[in-house]
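[1] Got a predicted model here, sequence first, then my questions.
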Amino acid sequence: MPRFFLTTAIDYANGDPHLGHAFEKVGADCIARWRRLRGDDVWFLIGMDEHGQKVAQAAAVAGVTPQAFTDRIAERFEATWDRLGISRDQFIRTTSAEHKAGVQDLIERIFARNPDDFYERAYEGLYCVGCEAFKPDSEIVDGRCALHPTRTLERVQERNWFFRLSRYQAFLTDLFARQPDFLRPESRRNEILGLLREGLEDISASRSRFSWGVPFPRATSQGEEQTTYVWFDALPNYWTASRAPGSRAQWPAQLHVIGKDITRFHCVIWPAMLAAAGEPMPEQVWAHGFIYLGGERFSKSAGVKLDLGEAIDRFGADAFRYFLLREVPWDGDGNFSWERFEERYVADLADGLGNLASRSLAMLEKYRAGRVPRTDPGTPLDAAAAEILPRYAAAMDALDLRGGAEIAWELVARANGYIVETAPWALAKAGQDEALDQALAALARCLTSLTVMILPYMPEKAAELWGHLGGPGPVQALAWESASRPAVGGWLVRKPAGLFPKPEVPRAT
Ligand SMILES: [Zn+2]
């Protein structure tokens, strides 16, 4: 069974989960569920980044210790992931003892292999607490960080451990040549290639004044104990995850899912750290885009927010998951609007799939007492499914999550058309039993294929539909090859009561 170790960015524990976090987790969960359907042995890791100045500051404002503060935040994130059906296998927290020991171990491995990969250097620069990074002039606008215009940059002067990133320029250039798919989508790859051409500067690996973090394992020549720089602490979570009790994580990861704002950390610093420690490279990094509300990016600092609970409550978690993945391309940016959410819900789910399921299953109940006739799959609808299924699988394998949903809904449209063309009620009236059997069985097969196709997007609705179709076993145990081309003859179906109920009053926005 091929292994598929999938990770997302660990979320910074200084506030509540927002739409940006949700989009990333829903997308990664869709991939995890698809790989399970494919038969992979999936290990899906998500978690929290709990160290750093920003967290300590937020805890101070809340009047609690940083640990108590992050405990509370982690709980809120996990509750949100439960509501959204995020099927994580492991939730890592960088304040865990195993992670902290792992970070120190990784740093010691680098010292052991290349003693001068770390060196001490006095440094002065403008530091953005929002980014937890020193900012070059090119990323400063009007004296402020371009990404965090509400924060004041701090002039920081200290003597730190530095990591000799510049040494890994040739290695990284070669990595991108050797693994052309290392960073996807293509637009992001070009950014990093540009960065590599410009040349890499060494980076700070420790901070001197600040203590909410992992102690850097070696004191400076002046005997000062320092704290591991937050990115040197956060990135190794993918590597330290296997140390947690019960974890089946196994390095290297097959896929890191991250936001496009942190590609530099994941595609330059992280591979260089791994190379320095003599560890294998992750197979692929996928950098998704941003989701905007009325053209503005969701972020704590900019105050642009959508109540996640309200969005989930509107039509249920599955409809929200579907909307995000169908509306926003997984390789680019997109927008959230309540109007569009409702439009899609009504058109795609209530009138599309919901209507197809309720009409088809109602006719099976009415004309065949719910028993699916045994027929050979030779109808035009079967032909359409046979053409659509491989295209869907190819899109999902390529992580084109919007494409996968689009292709699945081609089959929904085709099946609704098939009902009109065959008019089973007329066949029943005319006593054309064989033709009626053909049409009803084709619809049952088609609904089964659709159940499997929507499973990565809408796991609860897929389980519900599977139950109404009378399919054997739990829906999570389905395998793509057999379930997508089902033998449904003899199944006992039940008409669903409101799979996707229509909103009674259109929402005013
Ligand atoms: Zn910043």
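    Here it is on my side, so go on. The shown structure was predicted, so the numbers you read here are calculated from the model rather than taken from an experiment.
[2] Need phi/psi at Asp433.
    Here is the backbone geometry of Asp433 (degrees, to the nearest 10): phi -60, psi -40.
[3] same check, this time on Val257
    phi -100, psi 120.
[4] State the number of residues packed around it.
    For Val257, the count of nearby residues is 26 (other C-beta atoms under 10 Å). All C-beta atoms are positioned from the backbone trio N, CA, C, and that covers glycine.
[5] can you list the weak-confidence ranges in the stretch 51-200 of the chain?
    For the stretch 51-200 of the chain, applying pLDDT under 70 flags no range at all.
[6] Next secondary structure element downstream of the helix or strand of the chain with the lowest mean pLDDT?
    Least confident element among the helices and strands of the chain, by mean pLDDT, DSSP states H and E: strand 296-297 (a mean of 67). Under the assignment DSSP states H and E, the closest C-terminal helix or strand after strand 296-297 is helix 308-315.
[7] and the very next helix or strand once past that following helix, average pLDDT?
    Heading C-terminal from helix 308-315, the first helix or strand you meet, by DSSP H and E, is helix 317-327. Regarding helix 317-327, the rounded mean pLDDT is 98.
[8] neighbouring strands for the helix or strand following helix 317-327, and are they parallel or not?
    Note on helix 317-327: by DSSP H and E, the next helix or strand toward the C-terminus is strand 334-336. According to DSSP bridges, strand 334-336 forms sheet pairs with strand 291-293 (parallel).
[9] contact partners of the strand it pairs with?
    Here strand 291-293 makes contact (C-beta atoms under 8 Å, 6 or more residues apart in numbering) with 19-20, 23, 298, 304-306, 324, 328, 333-337.
[10] hmm, try it at 7 Å
    If you take C-beta atoms under 7 Å, 6 or more residues apart in numbering as the criterion, strand 291-293 is touched by 19-20, 23, 298, 304, 306, 328, 333-336.
[11] How about stretch 181-197?
    With contact meaning C-beta under 7 Å, 6+ apart, stretch 181-197 is reached by 169, 172-173, 175-176, 260, 263-264, 267-268, 284-287, 331.
[12] got it, and stretch 468-488?
    Against stretch 468-488 from outside (C-beta under 7 Å, 6+ apart): 37-39, 361, 372, 389, 393, 441, 444-445, 447-449, 451-452, 455, 462-463, 466, 491-494, 496.
[13] ChimeraX command for the buried members of the residues you listed?
    One line in ChimeraX is enough to select the buried members of the contacts of stretch 468-488, burial here meaning 16 or more other C-beta atoms under 10 Å:
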select :37,38,361,372,389,393,441,444,445,447,448,449,451,452,455,462,463,466,491,493,496
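[14] among the contacts of stretch 468-488, which are in helices?
    37, 361, 389, 393, 441, 444-445, 447-449, 451-452, 462-463, 466 (DSSP state H).
[15] Report the two of the residues you listed separated the most.
    Taking C-beta to C-beta, the two most distant members of these are Leu361 and Ala393; they sit 25.7 Å apart.
[16] how about the helices in the stretch 151-300 of the chain?
    For the stretch 151-300 of the chain, applying DSSP state H, counting those that start in this stretch gives helices covering 169-178, 186-198, 230-234, 237-240, 263-264, 270-277.
[17] With distance to Ala435 and mean neighbour count as added columns, please give these in JSON lines.
    Formatted as JSON lines, the helices of the stretch 151-300 of the chain follow (distance: least, C-beta to C-beta, whole Å; neighbours: other C-beta atoms under 10 Å):
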{"stretch": "helix 169-178", "distance to Ala435": "58", "mean neighbour count": "14"}
{"stretch": "helix 186-198", "distance to Ala435": "49", "mean neighbour count": "14"}
{"stretch": "helix 230-234", "distance to Ala435": "62", "mean neighbour count": "26"}
{"stretch": "helix 237-240", "distance to Ala435": "56", "mean neighbour count": "24"}
{"stretch": "helix 263-264", "distance to Ala435": "56", "mean neighbour count": "17"}
{"stretch": "helix 270-277", "distance to Ala435": "60", "mean neighbour count": "23"}
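[18] Reformat those as TSV; add distance to the ion.
    Putting the helices of the stretch 151-300 of the chain into TSV (distance: least, C-beta to the ion, whole Å) gives the following:
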stretch	distance to the ion
helix 169-178	24
helix 186-198	17
helix 230-234	13
helix 237-240	21
helix 263-264	13
helix 270-277	19
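[19] Can you say which of these is nearest to Asp348?
    Closest to Asp348 of those, according to C-beta to C-beta: helix 186-198, at 27.7 Å.
[20] Show me how far that closest one is from its chain's centre.
    Helix 186-198 sits 23 Å away from the centroid of its parent chain (C-alpha atoms, centre = their mean, to the nearest Å).
[21] what angle sits between that helix and helix 169-178?
    Comparing the axes of helix 186-198 and helix 169-178 via axes from the mean of the first three to the mean of the last three C-alpha atoms, to 10 degrees yields an angle of 150 degrees.
[22] I'd like the distance between the closest residue to Tyr457 other than its chain neighbours and the ion.
    Leaving out its chain neighbours, the residue that sits closest to Tyr457 by C-beta to C-beta, 6 or more residues apart in numbering is Tyr322, at 5.0 Å. Distance from Tyr322 to the ion, counting by C-beta to the ion, to the nearest Å: 33 Å.
[23] from what I can see Tyr322 touches Pro456, true?
    No - counting by C-beta atoms under 7 Å, Tyr322 sits too far from Pro456 to count as a contact (10.3 Å).
[24] so how many other residues sit close to the residue of the stretch 351-500 of the chain found nearest the ion?
    Proximity to the ion, evaluated over the stretch 351-500 of the chain using C-beta to the ion, is greatest for Leu399 at 28.4 Å. By other C-beta under 10 Å, 21 other residues sit near Leu399.
[25] residues in contact with it?
    Neighbour list for Leu399: 31, 286, 330 [criterion: C-beta under 7 Å, 6+ apart].
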